[in-house]
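Peer 1: kindly return the folded structure for what I paste below:
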Amino acid sequence: MNAIRLCSLIAATAALALAQNQHGEWTLGPCDTPGKIHFSLQSADDHRSFNSSSDWNISDLHGLDLSIAGKHDVHFTIARDAGSIEAEGFAKDGEGAGLYTFQANPQYIHQMETLGFPGITPEQQLAFALHDVSFSYAREMTSLGIQGLDAHKLLACRIFHVDAAFVKELHDAGINVVEAGKLIAFRIHKVTPQYIADLRAHGMHNLTADQLIALRIHGIE
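Peer 2: Reported below is the predicted structural model:
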């Protein structure tokens, strides 16, 4: 994986969280996927700003009921191991807006250190909450024996859906990737077991992880 790209990703994601108790605005709107909504958080002051926007499971926004007709007040919570986001505002016809406050879990940083992931700062904690870098996920990833897995790469793994199931799929396909950076690159560039099988069907066997990534980057099908 391009190291500059990975570093830029981590820096940009970590910059989402720049205060232990942070305030800002939220908006939500419809999503094409059933059971999901498009949810955005944004905040800005004289020193920093961020904007996070992605599709979320409605069930992750505890207390939100979009079935109520007409414009109505809403209050919901996003509960994570890293902290909770308390949001209030209004909603109407599947859309809404309001204000939020992030309450950081004061034990999160210490507990992540005990799990082998030191270096998370209070300023970064919201990013770990937004992407649900939970204690159970940290334990799962540690159990896989992945090399080079620090706190920032753990966050990147969560963002790009690197988990035990994905590692097992690769292993079952005969690809033993143990470096965190390469696993993230596989996800970013869509080096899937099916892609690997397609290459082998064309006589391309015994490819290394770096070769698979390079072939995908250059559009070799």
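Peer 1: when you work out contacts or count neighbours from here on, use the C-alpha atoms and nothing else.
Peer 2: Will do.
Peer 1: look at Asn51 and tell me its secondary structure.
Peer 2: For Asn51, the assignment made with DSSP: H, G, I helix; E, B strand; the rest coil gives strand.
Peer 1: from the recorded domain assignment, give the ranges for the chain.
Peer 2: Per the record, the chain has its domains at 20-113, 134-217, by automatic domain parsing.
Peer 1: what about those, which gets the closest to Thr121?
Peer 2: Closest approach to Thr121 among these (C-alpha to C-alpha): domain 20-113, 7.3 Å.
Peer 1: which residues in the protein form strands?
Peer 2: Using DSSP state E, the strands found in the chain span residues 21-30, 36-44, 49-57, 72-80, 83-92, 95-104.
Peer 1: do you know which of those lies nearest Asp198?
Peer 2: Between Asp198 and these, the shortest gap by C-alpha to C-alpha is with strand 49-57, which sits at 30.4 Å.
Peer 1: for the closest one, buried residues please.
Peer 2: Neighbour counts over strand 49-57 (16 or more other C-alpha atoms under 10 Å) mark Phe50, Asp55, Trp56 as buried.
Peer 1: with stretch 141-150 instead?
Peer 2: Buried residues in stretch 141-150, counted by 16+ other C-alpha under 10 Å: Met141, Thr142, Ile146, Leu149, Asp150.
Peer 1: so how far is that stretch off the chain centroid?
Peer 2: Here the centre of stretch 141-150 is set off from its chain's centre by 17 Å, with C-alpha atoms, centre = their mean, to the nearest Å.
Peer 1: between the two ends of that stretch, how far is it?
Peer 2: One end of stretch 141-150 to the other measures 11 Å (C-alpha to C-alpha, to the nearest Å).
Peer 1: for it, give the mean pLDDT please.
Peer 2: The pLDDT scores in stretch 141-150 average 96.
Peer 1: where in the protein is pLDDT low?
Peer 2: Along the chain, segments meeting pLDDT under 70 span 1-21, 44-48.
Peer 1: contacts only, for the residue nearest the centre of the chain.
Peer 2: In the chain, the C-alpha nearest the mean C-alpha coordinate belongs to Ile159, at 2.6 Å (C-alpha atoms, centre = their mean). Counting by C-alpha atoms under 8 Å, 6 or more residues apart in numbering, Ile159 touches His131.
Peer 1: and it, how far from Leu130?
Peer 2: Between Ile159 and Leu130 the distance is 10 Å, computed by C-alpha to C-alpha.
Peer 1: how near is Gly181 to Ala173?
Peer 2: Between Gly181 and Ala173 the computed distance is 19 Å (C-alpha to C-alpha).
Peer 1: higher neighbour count, these two?
Peer 2: Gly181 (21 against 14; other C-alpha atoms under 10 Å).
Peer 1: wait, doesn't that one sit right on Leu154?
Peer 2: No: applying C-alpha atoms under 8 Å, one finds Gly181 not in contact with Leu154, separated by 10.0 Å.
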